[in-house]
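J.: Build me a model:
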Amino acid sequence: MRSIEMASTILNVLLLGWILFARNKTQRGLLIGFGASAIVVLAHAFIEGMRWQMIPVYALTLLPILVLAGRRLFKPRKEKDGYKKRPLIRWISTIVLATLYSAIAIALPILLPIFTFEQPTGPYKVGTVTYDWKDEQREETFTSEPGDPRELMVQIWYPADSQAKGHIASYITNADVFAEGYSTILNLPKVLFTTFGYVKTHAIESAELSQVESAYPVLLFSHGFSGHKNQNTFQVEELASHGYIVVGIDHTYSSTASVFADGRVAPYVQQDLNSPSYLDQANAGWVEDAKFVLDQVERLANDDPDNRFTGRLDLQNVGMFGHSFGGATSTQMLMEDERIKAAMNLDGVLYGKQRIPAGGLAKPFLMMSADGSLNSVQQIQEPELRQMMEGLLARYEHVAEGGNYWMKVNHMTHMGFTDLYLLSPLFERMEGVDVRQAHRLINAYSLDFFNHYLKRQPLQLLEQNIGEHPDFTLQKD
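T.: So this is what the prediction gives:
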């Protein structure tokens with residue numbers, strides 16, 4: 001709950017209690033109560049922005065006015081002692097209803113909060129810019145118009161100058177579009193996702209690139225099916241703050257939504273996610289997306305029209321990471337594209353054309369898996385589906401061979417690797433995931449991995465923690 005929201009909630013619940021239990025409520029006192037509450041609500045509206053979860057709190061602001069109006073319309077009968085007689089049953093009912101109302105008023109903004117991302121721990125501020133890139137060499141297969149080029153929205157996060165100031169980027173800039181996308185994909189009411197539109201990040205829009213280093217390593221990020229380029233903001237901002245230029249890709253028509261520079265919207269298109277053969281084939285398109293984006297990044301390094309990245313991208317040290325299907329894409333890119341020097345897969349089934357060979361990959365690789373994902377196969381009752389999933393898990397056989405790493409995170413689920421569970425503490429309760437702790441673990445090992453293989457720094461965690469631990473098991477064969 002945001003600070004002024006909290007102040008408004010506390011004040012208005014106390015106002016309700018005062019109106020219920022105080023015997024001498026003067027007109028002056030009621031007007032003061034209304035004025036104080038109205039001032040706080042207005043401050044909240046102008047500074048933080050109003051939202052539907054606070055409607056029960058807003059309504060309490062009008063309570064003193066309603067009491068005054070009721071006094072004028074209905075003059076109360078009084079007993080000899082001067083006080084209004086209240087039947088016990090009505091008094092108890094009023095208290096119960098007021099308590100329930102207060103509980104709802106407090107619970108709604110807590111269960112659907114305007115969450116904040118933890119402050120990045122690196123020495124750099126974070127800047128961000130967004131691009132709309134068209135691949136004129138590839139035709140879009142999800143549109144009916146022949147000749148449409150493949151078009152991708154790309155967001156870049158980077159180490160910013162220590163003196164950088166400017167507009168702090170919103171987490172979601174087209175809140176209504178993304179709320180509609182989440183609603184359709186998750187089959188939940190749209191209003192549940194409107195809070196994303198109020199969330200701020202730590203990134204400064206179009207900030208100057210830091211001059212501390214002459215060039216910075218580059219990391220590509222690929223989301224999962226129905227995800228989006230900034231779905232792992234908790235992670236990309238942390239990496240950028242430690243001196244990485246992170247390039248997030250929206251895989252058009254496979255993302256929650258893609259909003260192009262001219263306002264056009266490409267919604268998510270449902271695909272056959274239960275067919276391994278289809279997904280192996282679809283992954284080739286995502287790999288082509290990643291190769292195209294990396295080509296464009298190379299162009300920025302050579303000649304950035306904004307003169308921000310010209311000569312500042314360390315293209316000898318490029319890595320990639322992704323979640324779910326994006327994790328599979330990262331694995332395929334590591335095997336296919338010589339420019340990718342190291343890759344990390346966040347709970348992604350190993351879809352794609354190539355398989356990890358016996359002896360492991362010839363390049364540095366870190367696989368992170370949720371124990372909930374690995375154990376889910378055992379709960380499948382349908383024989384054909386179970387057999388299919390067991391076949392997919394067999395693709396993991398050589399993951400940790402050849403000096404690579406496989407981390408299996410305990411008490412974790414598939415979507416815990418993204419920002420999604422920050423939407424509500426209910427997710428954590430239902431899934432049994434401590435999402436903040438999980439994010440810290442992911443960030444720590446992501447940094448250790450890329451720092452070693454792209455920046456040549458000594459390993460601080462990976463080699464020192466092979467084996468079983470309370471929060472994870474780390475395997476290296």
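J.: How about Asn302, nearest residue that isn't a chain neighbour?
T.: Counting by CB to CB, 6 or more residues apart in numbering, Asn302 lies nearest to Thr310, which is 7.1 Å off, once chain neighbours are set aside. Every C-beta, even on glycine, is put in place using the N, C-alpha and C of the backbone.
J.: count of residues packed around that neighbour?
T.: For Thr310, the count of nearby residues is 14 (other CB atoms under 10 Å).
J.: Ok, the one 10 residues further on next?
T.: When neighbours are defined as other CB under 10 Å, Met320 has 29 of them.
J.: just to revisit the earlier point, could you verify that the residue nearest to Asn302 is part of a strand?
T.: No: using DSSP: H, G, I helix; E, B strand; the rest coil, the assignment for Thr310 is coil, not a strand.
J.: Now do it, the pLDDT please.
T.: The confidence metric pLDDT takes the value 98 at Thr310.
J.: repeat for the one 10 residues further on
T.: Here, the pLDDT recorded for Met320 equals 98.
J.: For it, give me its contacts.
T.: 219-222, 290, 329-330, 333-334, 340, 342-344 (CB atoms under 8 Å, 6 or more residues apart in numbering).
J.: Would you map the helices across this structure?
T.: Applying DSSP state H to the chain gives helices spanning 3-21, 27-47, 55-61, 63-73, 88-111, 175-186, 233-241, 276-302, 325-336, 371-375, 383-393, 425-431, 435-455.
J.: nearest to Val129, of those helices?
T.: helix 276-302 (9.9 Å; CB to CB).
J.: Give the buried residues for that closest one.
T.: By 16 or more other CB atoms under 10 Å, the buried positions in helix 276-302 come out as 276, 279-280, 282-283, 285-287, 289-294, 296-297, 300-301.
J.: So which of the contacts of Met320 is the closest to Ser424?
T.: Within the contacts of Met320, distances to Ser424 taken as CB to CB reach their minimum at Phe221, with 24.2 Å.
J.: number of nearby residues for the closest residue in space to the closest one that isn't next to it in sequence?
T.: What sits nearest to Phe221 in space, not counting adjacent residues and going by CB to CB, 6+ apart, is Gly248, at 4.5 Å. Neighbours of Gly248 under the rule other CB under 10 Å: 26.
J.: Check the contact between Gly248 and Tyr158; I expect there is one.
T.: No: counting by CB atoms under 8 Å, Gly248 stays clear of Tyr158, with 11.6 Å between them.
J.: so how many other residues sit close to Glu118?
T.: Counted with other CB under 10 Å, the neighbours of Glu118 add up to 14.
J.: how close does the residue lying closest to Gly372 once chain neighbours are set aside get to Glu428?
T.: Closest residue to Gly372 apart from its sequence neighbours, by CB to CB, 6+ apart: Thr413 at 4.1 Å. Here Thr413 is placed at a distance of 10 Å from Glu428 (CB to CB, to the nearest Å).
J.: can you check Asp434 too?
T.: Counting by CB to CB, the gap from Asp434 to Glu428 is 7 Å.
J.: report the longest strand in this structure, please.
T.: Assignment by DSSP state E gives strand 125-139 as the longest strand of the chain.
J.: and it, which strands flank it?
T.: Neighbouring strands of strand 125-139 in its sheet, by DSSP bridges, are strand 149-160 (antiparallel), strand 200-205 (parallel).
J.: Could you pull out the buried residues of the last one?
T.: Using 16+ other CB under 10 Å as the test for burial, strand 200-205 gives Thr201, His202, Ala203, Ile204.
J.: Now it - C-alpha only, PDB.
T.: Below are the C-alpha coordinates for strand 200-205, written out as PDB (Å, rounded to 0.1, in the frame of the first residue of the first chain):
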ATOM      1  CA  LYS A 200       6.900   2.500 -11.200                       C
ATOM      2  CA  THR A 201      10.400   1.000 -11.900                       C
ATOM      3  CA  HIS A 202      13.800   2.400 -11.000                       C
ATOM      4  CA  ALA A 203      14.800   3.100 -14.600                       C
ATOM      5  CA  ILE A 204      15.100   6.700 -15.900                       C
ATOM      6  CA  GLU A 205      13.800   7.200 -19.400                       C
END
